[in-house]
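Q: 3D, please:
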Amino acid sequence: MSQQTWQRITHIAIWMVFLSFPLMVTVLVGPPKPASLILRPPDGIKPPISILISFNALLAVFYFVNYYILIPRLLTQRRRLWYGLSIAGCFVVLLLFIYTSINITYPNRPPDAGIHPAYVASSLFFMLMWAASSGVRLNFEYQTAEKRRKDSENARLESELGQLRTQLNPHFLFNTLNGIYTLTLAKNDAAPQALLRLSNLLRYVMADTNTDKVPLAQDLEHLRNFIELHQMRLTDKTPVTFTINGDPAPHRIAPLLLLPFVENAFKHGGSTREYSPINVNIDILPHRLTFECRNFIRQWQEAAAPGISTQYTGIGLENTRRRLDLLYPDQYEWQLRNDGETYTVQLTIPL
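A: Numbering: from 1, shown residues only. You can find the predicted model right below:
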């Protein structure tokens, strides 16, 4: 339902309730006694229906003036003093109308007759109309401001995510080309096949990931191709285990979200000289995905002290953490462990 439609329905509902007040009072307490009529005219005077219609019309004018003019142009613009003076002026106009109506209806009313009940009733109705129009308008202003804030936040997030993706693609390309360069230096016959795999990977990275979410199965297939590409330049010293538990078909995920972890595992854990297995395990549940990547620390490489995961630094993983903060605020879990022999990253995200 659009905001304009909602406003119209609200206005109609408020005025239906207001105009039904006399009927509800009659049903609840019975018909009014002649002596209690607020604007009961003496003989020879027109029935008070014209005055009641004028009174309701005056309240309607005040209702919409407050709704469409006073609140948006004064109150929401922090011109509170002028708003208060305007409301007071409208109230004075209403009291003058009641004063004139009483003098017309009761031309012989003694000056010391006291405050006429019409002043009390009209003041009450004025306050009700002011509260109704102000409540509805302020709620509308809040909803509009909230929508504007969310639209602005979404635009900012989309812009930032776009910048992160543009940083991620060159980072991925650099690491992959570095691996193929290693193959060509070793004159490995797998280099042509590696270039073909790289072509397929680039097609996915450059063309298929320009959306917020991609099919999870497609992204995992890309991850598998990436692993096979890098295995070409390694020996049996670096066996890779890639396990997927669960059905990825019904789910979608932010593209290339898991790739930087595997990139770092190959970069810091792959070896041609010592046994350095890499284990990648993905568990898919109906509403959650758990990713775990473990690689051994190369002994010839200067390793961090146990408990400090210096492996997980750099542009790729900095971008990944920022993307997680934007995509899953307070909804993901990221644990890094270094026991002196292995690095382990475990990530849990909602699906």
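Q: mind listing the strands in the stretch 201-350 of the chain by residue range?
A: 214-215, 240-245, 252-253, 278-285, 288-296, 333-338, 342-350 (DSSP state E, counting those that start in this stretch).
Q: Using a markdown table, lay out those together with mean pLDDT and distance to residue 92.
A: (Each C-beta comes from the backbone N, C-alpha and C, glycine too.) Listed next are the strands of the stretch 201-350 of the chain as a markdown table, based on pLDDT from 0 to 100; distance: least, C-beta to C-beta, whole Å:
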| stretch | mean pLDDT | distance to residue 92 |
| --- | --- | --- |
| strand 214-215 | 88 | 65 |
| strand 240-245 | 93 | 76 |
| strand 252-253 | 90 | 62 |
| strand 278-285 | 94 | 67 |
| strand 288-296 | 93 | 64 |
| strand 333-338 | 88 | 63 |
| strand 342-350 | 92 | 59 |
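Q: Mean neighbour count, these: which tops it?
A: Stretch with highest mean neighbour count among those: strand 288-296 (a mean of 20; mean count of other C-beta atoms under 10 Å).
Q: got the angle for that strand vs strand 333-338?
A: Counting by axes from the mean of the first three to the mean of the last three C-alpha atoms, to 10 degrees, strand 288-296 points 10 degrees away from the direction of strand 333-338.
Q: Pull up the pairing partners for strand 288-296, direction included.
A: Strand pairing for strand 288-296, using DSSP bridges, gives strand 278-285 (antiparallel), strand 342-350 (antiparallel).
Q: List the contacts of the longest one.
A: In other words, strand 342-350. Outside strand 342-350, the residues that touch it by C-beta atoms under 8 Å, 6 or more residues apart in numbering are 253, 257-258, 261, 265, 268-269, 287-297, 309, 311-312, 324, 328, 331-338.
Q: Extract the C-alpha set from it and format it as CSV.
A: Provided in CSV are the C-alpha atoms of strand 342-350 (Å, rounded to 0.1, in the frame of the first residue of the first chain):
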residue,chain,number,x,y,z
THR,A,342,48.1,-25.2,11.3
TYR,A,343,46.1,-22.1,10.4
THR,A,344,42.3,-22.7,10.6
VAL,A,345,39.6,-20.3,9.5
GLN,A,346,36.0,-21.0,10.3
LEU,A,347,33.2,-18.9,8.9
THR,A,348,29.4,-19.3,9.6
ILE,A,349,26.9,-17.2,7.7
PRO,A,350,23.1,-17.2,7.4
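Q: my read: residue 194 touches residue 232, true?
A: Yes - under the criterion of C-beta atoms under 8 Å, residue 194 makes contact with residue 232 at 5.1 Å.
Q: Ok, which of the strands of the stretch 201-350 of the chain comes nearest residue 189?
A: strand 240-245 (20.0 Å; C-beta to C-beta).
Q: buried sites along stretch 9-20?
A: Going by neighbour count (16 or more other C-beta atoms under 10 Å), the buried part of stretch 9-20 is 10-11, 14-15, 18.
Q: Can you tell me what sits against it?
A: With C-beta under 8 Å, 6+ apart, stretch 9-20 has contacts from 56, 59-60, 63, 125, 128-129, 132, 136.
Q: Narrow the residues you listed to those in helices?
A: 56, 59-60, 63, 125, 128-129, 132, 136 (DSSP state H).
Q: Return the member of those nearest to residue 145.
A: Nearest to residue 145 among those is residue 136, at 15.1 Å by C-beta to C-beta.
Q: Check what pLDDT the closest one gets.
A: Predicted confidence (pLDDT) for residue 136: 85.
Q: that older thread, between residue 194 and residue 232, tell me which one has more neighbours.
A: residue 194 (22 against 17; other C-beta atoms under 10 Å).
Q: circling back: select, out of the strands of the stretch 201-350 of the chain, the one closest to residue 82.
A: It's strand 342-350; of these, that one is closest to residue 82 (C-beta to C-beta) at 49.3 Å.
Q: How far away from the center of its chain is the closest one?
A: Distance of strand 342-350 from the chain centroid (C-alpha atoms, centre = their mean, to the nearest Å) equals 27 Å.
Q: Offset the numbering so it begins at 287, please.
A: Sounds good: first residue 287 from here, last item strand 628-636.
Q: picking up where we left off before, biggest separation within the ones in helices among the contacts of stretch 295-306, which pair?
A: Top of the distance list for these (C-beta to C-beta): 342 and 422, 18.2 Å.
Q: Which one of the two is surrounded by more residues?
A: The neighbour count for residue 342 versus residue 422, taken as other C-beta under 10 Å, is higher for residue 422 (19 against 15).
Q: circling back to that earlier point, mind giving me JSON lines with the strands paired with strand 574-582 and columns for distance to residue 501?
A: Output for those, formatted as JSON lines (distance: least, C-beta to C-beta, whole Å):
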{"stretch": "strand 564-571", "distance to residue 501": "12"}
{"stretch": "strand 628-636", "distance to residue 501": "15"}
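Q: Among the ones you listed, which comes closest to residue 511?
A: Nearest to residue 511 among the strands paired with strand 574-582 is strand 564-571 (13.2 Å), distances taken as C-beta to C-beta.
Q: burial count for the residue nearest to residue 570 when sequence neighbours are not counted?
A: Once flanking residues are discounted, residue 570 sits nearest to residue 532: 2.9 Å by C-beta to C-beta, 6 or more residues apart in numbering. Residues near residue 532, counting by other C-beta under 10 Å, number 16.
Q: same question, the one 3 residues further on
A: The burial metric for residue 535, expressed as a neighbour count using other C-beta under 10 Å, is 9.
Q: so who does it touch?
A: 501-503.
Q: Between those residues, which sits nearest residue 567?
A: Residue 567 has its nearest neighbour among the contacts of residue 535 in residue 502, at 15.2 Å by C-beta to C-beta.
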